[in-house]
Every structure is written in structure tokens, then in C-alpha cells.
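In: predicted coordinates and the sequence they were generated for:
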Amino acid sequence: MGSWGGPDAMATLAASIEGSQSPDSNVRRQAESFMEQNEKKPGFATAVLQLVAEASAAPHVRLGGSIFFKNWAKRSWEDADPNEREQIKRSVVAVMLSSPDPVRKQLAEVLAIALESETRDTWPDLLPDLGRKLLECGAMTPMPLGTLEGILGALDSIFEPYRHKYRSDELFLEIKHALHAVQEPVTAVFDAISSSVLAGTFAQNTADSVIEIARLCASIFYSLNWQDIPGFFEDHMSKWMDPFLKILELHNPALEQNMDEQSTLDHLRAQIIENINLYQSKYEEEFQSYLERSTSAVFTLLQRGAATRYDSVATTGIKFLTTISRSSKYALFAAPNVLNMVCENIILPNMRMRDEDVELFEDNPVEYMRLDVEGSDAETRRHGAVELIRGLNTHYEGQVTDIFSKYVSVLLAEYGQDPMNKWKTKDAAIYLVTALGWKTGTAAGGATTTSGLVSVVDFFTAHILPEILSAAEAPANVTSPVLRGNALKYTVTFRNQLPSAQYQITLDACCKLMTSNVVVIHSYAALVVEKLFGMTEKIPMQQGIVRTPKVPQKLVVEMLPKLLPPLFQLIAPGAAENEYAMKCTARTIVRADKEFHVHAETALRQLCSLIEAVSRNPGNPSFNHYLFEAVAAVINTAPEKIELYQTLLVPMLQELLSKEVLEFAPYALQILAKIMALYSARQMQLPDFFRQLAKTLLAPPLWDRSGFVPGMVKFLQGYIRLDSEYILASNTLDPILGVFQKLIASKANDHHGMALVRTIIETYELNTMRNYNVNILRILMTRLQTARTNKFVELLIIFLAAFTIRYGPDTLAEGMDELQQHLLAMVLTQVWAKACLTTPATGPSRRLLSVALTTILCTERFTTEPYAAVWADVLTANIALLEGIEVDAVDEDRDPLLEEDAAAQTGYNVAYSQLANAKEVWEKDLVRDVEPHAYLATRLSAFTASHPGVFTAVIQAKLEEKPKEALQRYLAATRSELK
């Protein structure tokens with residue numbers, strides 16, 4: 001496989017991987033710095049793989065190396081040296097199959113990551129080779145279980161992305177290639193291994209491996225069937241469904257001896273239920289003959305009890321019943337006593353709080369909140385039971401409501417007799433009412449419509465608000481905390497339905513509950529405040545529909561004296577990093593807006609102290625994201641306090657950058673760009689620090705740090721806008737364009753390069769850019785020719801449109817001509833026009849593209865060849881864009897704060913996360929005041945008038961009927977006509 005730097009360097013590499021796992025932050029950062037500085041050097045990744053393959057290396061070093069190698073592939077596979085990629089492709093499968101299980105799983109993910117960039121043409125042998133190895137292993141006696149697990153684990157990782165990709169011809173060709181390679185081997189292995197599972201013909205010490213192999217086969221089946229049912233699997237359905245159902249019905253106590261943990265057999269059953277759920281939801285007709293037996297088997301499994309070891313089967317089984325309840329086969333529940341049995345034996349037991357859930361509440365409140373609030377991937381029994389009620393309500397709302405209303409009354413009566421000991425009964429009642437009352441909504445936005453048979457507001461007034469108020473009377477000693485927490489959750493769920501008269505009393509109680517020492521209570525209290533402050537409603541106004549906050553700003557401001565102290569206490573340095581309290585802080589500042597300025601300095605000092613504390617060991621990405629949102633929000637409330645920011649914020653942010661706190665660097669750069677914009681808004685000269693920082697950011701090694709790139713680009717965009725004359729005077733434009741060239745060469749960062757160069761052309765006039773334009777176009781055309789991707793094509797045509805609007809179509813054509821005669825004509829037809837027919841560009845980008853094409857169409861250059869020959873194609877593309885604009889819509893319901901908190905969703909990979917409160921718009925809307933349909937009609941009318949009969953003949957001869965009809969609509973709307 002080759003080596004990197006010889007034996008001494010390999011020892012250093014091993015030491016660095018080991019150091020990156022050190023509990024000592026200084027050792028860890030030094031090791032991480034070494035890895036980051038070297039990862040882009042030729043041969044380094046290959047050396048890491050070689051170390052991973054070394055059997056004599058320590059297990060934790062091999063595992064750490066495999067994790068680094070996986071993350072390197074995520075960041076750099078597309079941009080890695082082609083020769084090194086080929087070397088890795090020849091080696092990685094063999095290393096994977098010969099490695100221990102934890103390492104093997106990491107390398108299996110590497111294959112999946114690489115295949116996101118590779119194609120059937122660039123790595124044609126991978127899947128056929130894995131398929132052949134699988135067939136060979138399946139035919140051996142005994143079967144090599146470890147090798148089978150490795151191959152199937154790799155295939156499972158490779159095929160799993162099929163579940164999430166958009167349907168396209170290219171995707172189906174990819175799946176077809178995969179099916180040709182593995183459908184028969186996987187089926188053969190599953191046939192043999194499922195027979196072994198059912199017959200019990202395996203050694204007891206191999207049981208887990210045998211069942212895991214069956215599970216991997218079932219998971220691969222799920223991925224390959226997700227997009228559409230393949231013909232092979234439809235023809236051989238019995239080879240899969242018969243064993244699936246027999247395994248669901250299997251009773252083998254020897255495989256389920258562990259009473260504390262989920263058995264491998266139940267892990268397999270859960271995957272099988274996912275598979276039959278997939279078929280019931282998407283291929284109902286093909287699955288029909290298996291439905292009744294499947295339902296019976298699932299019913300049986302769901303009645304085994306509430307033990308946690310059955311959770312995955314319970315949650316998937318309930319989801320399967322929910323799918324049936326919403327399908328055309330919902331009549332299965334209409335059979336005598338079936339609906340009662342489902343409600344009483346399946347739903348009701350799974351609504352009750354278990355001792356294990358209480359333990360989670362007390363011992364791991366963060367995980368409890370994650371499961372209960374965020375609707376995490378690890379679905380809970382209670383969440384599944386709620387969804388099943390909602391599914392049954394689709395066709396049996398009256399009956400279901402009648403059944404459970406009686407239970408709600410009974411449960412509340414039990415609680416009333418002994419509130420201290422019977423709190424679980426009311427807790428179950430709350431969940432039942434939540435399920436019965438909800439009709440539509442989202443986890444983030446709460447319920448939007450509710451059942452007409454259940455009054456969620458009356459239940460809140462009678463049974464929820466009293467629990468909250470009672471707890472608020474003694475926040476230091478909250479009794480029945482789980483019940484009170486779920487009362488707060490009910491408030492969050494049905495916040496849109498609460499009458500405005502109850503806002504203040506609820507908010508006051510939550511302010512008091514934030515002082516509770518029970519983590520879930522003070523977290524839910526902060527969540528209620530944050531969600532109530534974030535509510536909006538649509539108000540018809542003369543200028544149209546306007547969204548206004550439901551909780552008036554006046555009330556928010558009045559609450560600040562009693563809200564800020566407990567909030568600041570929850571987020572104080574040294575306290576647990578509570579993301580709900582931190583998000584509530586950011587929301588409160590945003591809602592108070594300019595009225596917050598009197599608290600700005602106090603808040604900022606608290607936030608800066610917190611940043612300094614958490615920067616020593618950043619842990620919770622969501623908390624940290626909202627922390628910087630709060631800082632940006634403070635600046636928005638008091639933009640006049642520039643001196644405060646210069647003395648308090650800038651040195652701290654500068655220190656974060658100098659200490660290379662990787663997790664915070666993107667945020668620091670955004671905040672600095674925001675402060676820089678304040679100087680410009682007040683026409684104040686930029687301090688030397690910003691100019692020095694810009695100079696520092698132009699150092700080439702920094703641009704090898706993928707996590708820094710987006711923040712640095714945003715900073716440079718602002719710097720270009722705000723200090724453009726100094727950039728020219730100090731000869732800084734050339735190195736900035738050097739950064740653009742470097743970014744464009746990277747498939748991972750080309751969009752950042754385009755953002756940077758677009759800011760340049762939007763800032764500087766043609767006279768300044770005349771000597772640079774040809775080289776910019778050369779860089780772009782070279783990239784198009786050598787590494788064309790759909791993403792780059794879309795970026796390119798949007799840039800060319802902006803260039804056209806700024807400098808005119810003749811400047812674009814002349815610049816292209818310097819590269820190749822009539823190059824623009826070729827680009828228009830072979831790239832621009834074609835991309836316009838398929839581009840997923842947003843509404844503003846479509847408008848920009850259309851206005852640019854109209855400008856190009858109506859120039860004298862198009863009266864001569866070769867441009868005249870492509871005129872009709874360009875017009876057709878333009879009309880396609882205009883028709884697409886009509887379906888572009890702004891999401892009016894999106895949260896105006898924290899629109900993009902990627903770090904909160906994905907965790908740290910030194911990734912970039914856009915701060916909603918620091919979203920300075922450095923790109924201009926060049927066509928903001930142009931209505932593109934009218935622009936095309938009026939410009940074409942004037943253009944054809946100067947060339948009577950010429951282009952009207954082209955339109956009649958070359959445009960199809962639909963574009964002609966669309967064009968006539970535009971002309972009629974503007975009372976224009978073609979000559």
C-alpha cells in the first residue's frame with residue numbers, strides 16, 4: 001500500500017492518533033493539529049490505512065485511525081489525489097475484511113462515503129467483487145461468519161443511502177447495477193442463514209453472529225426495496241417473506257436468555273417488521289397475501305410486556321399497525337373486538353410511564369428530553385402509541401375517542417383519590433388527551449388543528465395549568481416532577497390553541513420553575529417560554545398577510561426583570577450546558593429587540609464569560625450554537641455600542657482564533673463580520689485589526705481547514721464590501737482572487753469560491769475588473785471542462801447571469817472570445833440552456849437567470865451567427881425558467897430565528913453553522929425590482945420592432961406550443977406585441 005515518510009513518520013502518526021484520544025486537552029489538540037496539517041499531503045491517508053491494517057498496532061490506535069480515515073473520506077475524498085484514491089480503492093476492502101469488528105464497521109462506512117463520489121465507471125469492480133465473495137462464502141461449509149459479516153456490513157453501509165436519495169434516472173441506474181451484483185448472492189445467503197436460525201442448527205457460541213448476518217441481509221433487503229420494488233424481489237418474494245414471518249413467529253428460549261438487554265433475535269425481528277411495514281406502506285397490493293399473518297404475528301409480539309428489552313420490536317410493531325390504520329386495509333380493525341383489543345392491550349399499556357422511564361428522567365435527564373421533546377430517531381413506545389391513536393382516528397375517531405374518554409375519566413379519578421402515589425395515572429391521561437386532541441401539526445411548530453371531539457383548551461385549564469401553578473408555588477421542592485414535566489410538554493404541544501389571556505400566568509409560572517433544581521422541569525420551563533415567544537399568527541393587512549407575534553413585545557419587555565435572572569443562572573459558567581435555556585435566552589433577546597439595549601452590556605459580559613469557559617472544552621454543539629446566536633442578537637439590539645464590542649468582544653474572538661478553537665472559529669468569524677458591518681453603517685473607519693485579520697485569512701494553509709472555509713469566506717465578503725478602496729490600494733485583490741481559484745478547484749468548496757467572486761464583481765465596476773475578468777472566466781471554464789458536476793453547473797450559470805447583469809452581455813461574450821472564438825454560444829446551448837430546464841435553483845436565482853437571458857437575447861450580437869442559430873433554444877430555456885418561478889414559494893412558517901442550526905443537528909465535525917442573527921447579506925439582489933415575465937415581454941417587443949419579422953419567424957418555426965402559449969400570456973399581460 002505504500003508508506004508515508006518512512007518508519008519514523010509512521011510511529012509519529014500512531015502516536016498522534018493515540019494522542020487525539022487523550023483526556024488531556026493540550027495533548028489532544030496538539031495531536032489533532034498534526035493530523036489536520038498533514039491530512040491533505042499525498043500519501044498521508046494511505047499511511048493511515050496502512051496503520052489501520054497493521055495487526056500489531058494497539059486496538060485503540062487501529063480504531064482511532066479508522067475513525068480518522070472515515071472522517072478524512074467525508075472531508076476530502078473528492079479532492080484527494082486520483083492516484084492515491086486508486087491505491088486506497090485497491091486496498092480498502094481487503095483491510096476491512098481482515099480487521100476487527102469495530103474497525104470493519106468504520107471502513108464499511110468509508111466505502112459508502114467514497115461511492116457518493118465514485119461512479120460505476122470509476123469503481124466498476126467493487127460491488128461485483130463483493131457479490132462474488134458473498135456467493136463463495138455462502139457456499140462454504142461451515143460458512144466463514146466473520147467474513148460474511150464484513151461483506152454484508154459493507155453492503156449495508158453502501159446501500160443505506162438509497163433510503164434517503166431523491167428519485168432520479170441516475171439513482172435507478174445505480175440501484176440496477178447494485179441489484180445485478182448482489183441480489184442473488186444476498187438471497188442465497190439469507191435462504192441458508194434463515195434456515196439455520198429457524199432450525200437452530202448452529203453452535204450456541206455463534207448464535208449472535210448467525211442472527212446478525214440474517215439481520216444484515218434483512219437490512220440490505222430494506223435498502224434495495226426502498227425506492228421501488230425490484231423485479232427480482234417481487235419474483236422471489238416468498239424466499240424472503242416466508243422466513244420473515246416464521247422468524248416473527250419463532251419461539252426459541254435459548255436465543256432470548258438475557259433478561260436485561262434486547263436479544264439479537266429481537267434486533268432481527270425489529271428489522272423484519274421494518275421490512276413488512278415498508279411493503280405495506282409502498283407495495284400494498286404485492287404484500288396483500290402476507291398481511292393477515294404478519295398482523296397476527298405482530299399482535300402477539302406486542303403483548304409480551306413492557307420490559308425495555310422488547311422496546312425496538314414494540315416501537316416498530318406499533319408503527320406497522322399505524323401504517324395499516326392509515327392504509328386501504330384499515331378495515332382489519334373493524335372486526336369484532338379488534339379495535340377494543342388494540343386500544344386496551346396495545347395502546348394503553350404503552351401509554352403508561354414505566355419504572356425504567358422514571359429512572360431515565362432522574363439519572364439521564366438530557367437523554368430523557370432528547371427522546372421526549374425532539375422526536376429523536378430512537379422512537380419511544382409512548383410516541384408510537386400516540387401515533388397509532390392518530391392513525392386509528394383517521395377512520396374510527398368517534399369510536400376511539402369514546403373508548404379512551406372513559407379511560408381518561410377513570411385515570412383522572414384514580415389520581416384524584418391519591419395524587420401523591422397515583423401520579424402515573426394522570427400522566428397517562430395527559431398522553432391520551434394529547435393523542436386524541438392532535439389532528440395536524442409538527443413537532444417543531446406544535447399542533448395546528450385539533451379534534452372537534454376533544455377540547456384541548458378546557459383540559460389545559462382544568463388539569464394542566466393547575467399542575468404548573470402548583471409546582472411554581474414551591475419550585476425548589478417540586479413533587480411528582482415527571483407529571484409536572486409532562487404538563488409543561490402539553491403546554492408546548494398545544495401552545496397555538498391557548499387563549500391569550502393565559503399567556504402571562506403561564507409565563508410567570510415558568511419563570512419561577514426555571515429556578516427548580518430538577519433538570520427536566522427547568523428545561524421544560526425554558527422551552528415553554530421560548531416556544532410561546534416564538535409563536536406568530538397571520539394578520540390580514542392592506543399590504544397583504546403579515547405574520548405578527550402572538551405574545552406582544554410589550555409583555556416580553558415587562559417580563560425581562562423576572563425572566564433574565566433565572567435564565568442567566570441556568571447558563572452561568574460552570575452550570576450544565578442547557579441548550580433549552582440557551583435557546584430561550586437567544587429568543588428572548590430577539591423578541592425584546594431594541595428594548596433590550598438597557599440589558600445589552602450585562603448580557604454580553606455574561607455571554608462572553610460563558611464563551612471563555614466552554615471554549616476550554618467545547619462539548620454541546622447545540623448549546624454553543626445558540627450561545628453565539630444570543631451574542632449576535634445582543635449586537636442587533638444595540639448596534640450603537642460599537643466601543644463595547646470593540647473592547648469586550650473583539651479581543652475574545654481574536655483569542656479564539658489564535659488558540660485555534662476549531663469548533664468556535666466559524667462563529668467567531670461571523671460575529672466579527674457583523675461588528676465590521678456596524679463600522680460601515682456609521683461610515684466609521686475600520687480598525688486596523690480587521691485589515692490585519694483579512695491579511696491573515698489570506699494565508700494559503702488556512703484554506704486547507706474545511707471547517708474554517710465558510711466563515712472565512714463570509715468575513716472576506718463583508719470586508720470586500722466595506723473596505724473595497726483599501727483592498728485595491730493595498731494590492732489585496734490579487735490574493736483574494738487566488739483564494740477564489742483554490743476554492744473553485746475543490747468540489748467540496750466550489751460554492752464558497754463562487755460566493756466570493758460574485759461579491760467581487762458586484763462590488764467593483766468594470767473598469768477595475770477589466771484586467772481580471774478573462775482570467776476569472778478561464779478558471780471557471782477550465783473547472784467546467786476538467787471536473788464538471790451538476791452542482792458546479794448551477795453555480796456557474798448563476799455567476800454568469802450576475803456577470804451579465806453587472807457588466808453587460810457584450811463584455812461576457814468578448815471575455816469568452818479571448819478563450820475561444822464564439823465560446824459563449826456553445827456555453828449557452830450546451831450548458832446554460834440545458835441547466836435551466838433542470839436546475840433546482842431558488843426563486844431569486846431563477847429571476848436572475850431569466851433577466852440575464854433576456855438581456856442576452858435582446859442584443860445585436862444575436863442577429864449574427866453563430867448566436868442567431870441558438871436564439872430559439874435560449875428563449876425556450878428562459879420561458880422554462882419563468883414558468884418555474886411561479887411554483888417557487890417562500891416558507892412563511894419557518895422560524896425567523898435559528899433557521900439553520902446544522903451543528904445542533906449533526907454534532908461537531910468542525911462544520912459550519914450559519915447564525916440567523918448574523919446573516920449579513922453580502923450578495924446583492926441584482927434584479928430585485930425587475931418582474932422577469934414583464935421584462936421578457938417588453939424587451940422582446942422593443943427588440944423585434946428593430947428587426948421586424950426576423951425573430952417572430954424564428955418563434956413560429958422553432959418554439960413548441962407550450963412556450964409559445966406562455967410567451968403570449970406575458971405579452972398580453974403587458975399589452976406588448978412582437979413585430
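Out: Looks like it came in fine.

In: so for stretch 111-128, what's the average pLDDT?
Out: The average pLDDT for stretch 111-128 rounds to 87.

In: what about it, start to end distance?
Out: Taking C-alpha to C-alpha, to the nearest Å, stretch 111-128 runs 14 Å from one end to the other.

In: list the buried residues of stretch 354-373.
Out: Going by neighbour count (16 or more other C-beta atoms under 10 Å), the buried part of stretch 354-373 is 354, 357, 360-361, 365, 368-369, 371-373. For every residue, glycine as well, the C-beta is placed using N, CA and C.

In: keeping just the C-alphas, turn stretch 30-37 into CSV.
Out: Below are the C-alpha coordinates for stretch 30-37, written out as CSV (Å, rounded to 0.1, in the frame of the first residue of the first chain):
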residue,chain,number,x,y,z
GLN,A,30,-1.5,19.1,19.5
ALA,A,31,-2.3,15.7,18.1
GLU,A,32,-5.3,16.9,16.2
SER,A,33,-3.3,19.8,14.8
PHE,A,34,-0.7,17.4,13.5
MET,A,35,-3.3,15.3,11.8
GLU,A,36,-5.1,18.3,10.3
GLN,A,37,-1.8,19.8,9.0
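
In: hey, where'd the helices end up in the stretch 751-900 of the chain?
Out: 766-786, 790-807, 809-819, 823-827, 833-838, 843-857, 867-885 (DSSP state H, counting those that start in this stretch).

In: with pLDDT added, can I get the buried residues of stretch 354-373 in TSV?
Out: Listed next are the buried residues of stretch 354-373 as TSV, based on pLDDT from 0 to 100:
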residue	pLDDT
Arg354	87
Asp357	88
Leu360	91
Phe361	92
Pro365	92
Tyr368	89
Met369	88
Leu371	82
Asp372	81
Val373	79
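
In: could you work out the most separated pair of those?
Out: The span of those, defined through C-beta to C-beta, is set by Arg354 and Val373 at 18.4 Å.

In: give me the below-cutoff pLDDT ranges for the stretch 301-450 of the chain.
Out: For the stretch 301-450 of the chain, residues meeting the criterion pLDDT under 70 lie at 374-378.

In: same check, this time on the chain
Out: 1-7, 257-259, 374-378, 541-545, 838-843, 885-912, 920-923.

In: and stretch 582-596, how far out from the chain's middle?
Out: Mean-position distance between stretch 582-596 and its chain equals 25 Å (C-alpha atoms, centre = their mean, to the nearest Å).

In: okay, buried residues for that stretch please.
Out: For stretch 582-596, by 16+ other C-beta under 10 Å, it's 582-592, 596.

In: list the contacts of that stretch.
Out: 526-527, 529-530, 533-534, 549, 551, 553, 556-557, 560, 563-564, 567-568, 571, 599, 603, 623, 626-627, 629-630, 633-634, 636-638, 897-898, 917 (C-beta atoms under 8 Å, 6 or more residues apart in numbering).

In: give me that answer again for 6 Å
Out: Here stretch 582-596 makes contact (C-beta atoms under 6 Å, 6 or more residues apart in numbering) with 526, 529-530, 533-534, 556-557, 567, 571, 623, 626-627, 629-630, 633-634, 637, 897.

In: which SS state does Gly441 fall under?
Out: Reduced to three states with DSSP: H, G, I helix; E, B strand; the rest coil, the structure at Gly441 is strand.

In: export stretch 46-63 as CSV, just CAs?
Out: Provided in CSV are the C-alpha atoms of stretch 46-63 (Å, rounded to 0.1, in the frame of the first residue of the first chain):
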residue,chain,number,x,y,z
THR,A,46,-2.8,5.8,2.6
ALA,A,47,-0.4,5.7,5.6
VAL,A,48,-3.4,5.9,8.0
LEU,A,49,-5.0,3.0,6.2
GLN,A,50,-1.7,1.1,6.4
LEU,A,51,-1.6,1.7,10.1
VAL,A,52,-5.2,0.5,10.5
ALA,A,53,-4.3,-2.7,8.7
GLU,A,54,-1.3,-3.3,11.0
ALA,A,55,-2.3,-6.3,13.2
SER,A,56,0.5,-5.5,15.7
ALA,A,57,-0.9,-1.9,16.4
ALA,A,58,-2.8,-1.3,19.6
PRO,A,59,-6.6,-1.9,19.1
HIS,A,60,-7.5,1.7,20.2
VAL,A,61,-5.0,3.1,17.7
ARG,A,62,-6.4,1.0,14.8
LEU,A,63,-9.9,2.0,15.8
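
In: in it, what counts as buried?
Out: Per 16+ other C-beta under 10 Å, stretch 46-63 contains these buried residues: 46-53, 57, 61-63.

In: report the two of the residues you listed separated the most.
Out: Pairwise over the buried residues of stretch 46-63, using C-beta to C-beta, the maximum falls at Thr46 and Leu63, 18.4 Å.

In: from Tyr222, how far out is Leu216?
Out: Leu216 sits 11 Å away from Tyr222, going by C-beta to C-beta, to the nearest Å.

In: in terms of neighbours, single out the busier of these two.
Out: When neighbours are counted by other C-beta atoms under 10 Å, Leu216 and Tyr222 differ, and Leu216 comes out ahead with 24 against 21.

In: wasn't the more buried one part of a helix?
Out: Yes - counting by three-state DSSP, Leu216 falls inside a helix.

In: how about the contacts made by it?
Out: 152, 156.

In: mind doing that once more with 7 Å?
Out: 149, 152-153, 156 (C-beta atoms under 7 Å, 6 or more residues apart in numbering).

In: likewise for Pro666?
Out: By C-beta under 7 Å, 6+ apart, the neighbours of Pro666 are 707-708, 710-711, 912-913.

In: identify the farthest-apart pair in those.
Out: Greatest spatial distance in those: Phe708 and Ser913, 12.9 Å, computed using C-beta to C-beta.

In: quick one, which of these two is more surrounded?
Out: A direct count of neighbours by other C-beta under 10 Å for Phe708 and Ser913 places Ser913 higher, at 26 against 21.

In: do you know how far that one is from Leu148?
Out: 41 Å.

In: need the strands for the protein, in chain order.
Out: Secondary structure of the chain (DSSP state E): strands at 438-442, 446-450, 536-541, 544-549.

In: got TSV for the helices of the stretch 751-900 of the chain, with distance to Phe232 and mean neighbour count too?
Out: Formatted as TSV, those follow (distance: least, C-beta to C-beta, whole Å; neighbours: other C-beta atoms under 10 Å):
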stretch	distance to Phe232	mean neighbour count
helix 766-786	39	15
helix 790-807	30	21
helix 809-819	50	18
helix 823-827	43	20
helix 833-838	31	17
helix 843-857	41	23
helix 867-885	37	20
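
In: please convert these to TSV, extending it with distance to Glu414.
Out: Shown next, in TSV, are the helices of the stretch 751-900 of the chain (distance: least, C-beta to C-beta, whole Å):
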stretch	distance to Glu414
helix 766-786	70
helix 790-807	60
helix 809-819	77
helix 823-827	75
helix 833-838	61
helix 843-857	56
helix 867-885	59
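
In: so for Leu198, which of those sits nearest?
Out: With C-beta to C-beta as the measure, helix 790-807 is the member of the helices of the stretch 751-900 of the chain nearest Leu198 (46.9 Å).
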